[in-house]
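> Whatever this is, show me its structure:
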Amino acid sequence: MAGTIINTGSILLAEPFMLDPNFKRTAVLLCEHSEEGSIGFILNKKLDMRVDDLVNGFPEFNAKVFFGGPVQTDTIHYIHNVGDLLEESRKIADGVWWGGSFEQLKFLISSELITPDNIRFFVGYSGWSDNQLEEEMETGSWVTANMHPNYVFKSKPDSLWSQIMSNKGDHYAVIASMPDAVTYN
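Numbering: from 1, shown residues only. So this is what the prediction gives:
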């Protein structure tokens, strides 16, 4: 899809036959896109762990953790909807912010001003070097979609890829209904 515009705050949907197990049927929120490269987080790969189990000294917090991508899997990142309440956070899209002061985050969680419904934590991230994402777009590896805060904070991870693909309409709705594994008779 030559000429596809890639913007920070967009969703990247893996094309349905992508074989890379890290990205098969994933929806990735693109948080940074520049000449130097791109950074995003996989929204639909929930891990069986809690953030307070991963980070020493973190307040008890029943928030699930997601696999953000295969780059630097020894790091924790977060996307939230509390905006400027968390200083140093960066607006990615309407109703969606990235990062912010970690010490302040722990305080706001302890004070119950941030609940698990306000935030998503990620282990690692998805990264592309300069022009790599554009090349992958040209070869048809990804389809772009508009971001909606509900995709991060309200949708079920297991059906997110199909939901967003279907919301694009037209032939994408047909793609969304394709089974994960195609068998031949």
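> Send over the helix or strand bottoming out on mean pLDDT in the chain as PDB, restricted to the C-alpha atoms.
One helix or strand of the chain scores below all others by mean pLDDT, DSSP states H and E: helix 170-176, with a mean of 74. Presented in PDB, the C-alpha positions along helix 170-176 are these (Å, rounded to 0.1, in the frame of the first residue of the first chain):
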ATOM      1  CA  ASP A 170     -15.600  -3.100   3.500                       C
ATOM      2  CA  HIS A 171     -13.300  -6.000   2.700                       C
ATOM      3  CA  TYR A 172     -11.600  -5.600   6.100                       C
ATOM      4  CA  ALA A 173     -14.800  -6.900   7.800                       C
ATOM      5  CA  VAL A 174     -14.400 -10.000   5.700                       C
ATOM      6  CA  ILE A 175     -10.700 -10.400   6.700                       C
ATOM      7  CA  ALA A 176     -11.800  -9.900  10.400                       C
END
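> neighbouring contacts of it?
Contact with helix 170-176 is made by P16, V143, W161, S162, Q163, M165, S166, as judged by CB atoms under 8 Å, 6 or more residues apart in numbering. (C-beta placed from N, C-alpha, C; glycine too.)
> and the last one, which of the three is it?
Per DSSP: H, G, I helix; E, B strand; the rest coil, the secondary structure class of S166 is helix.
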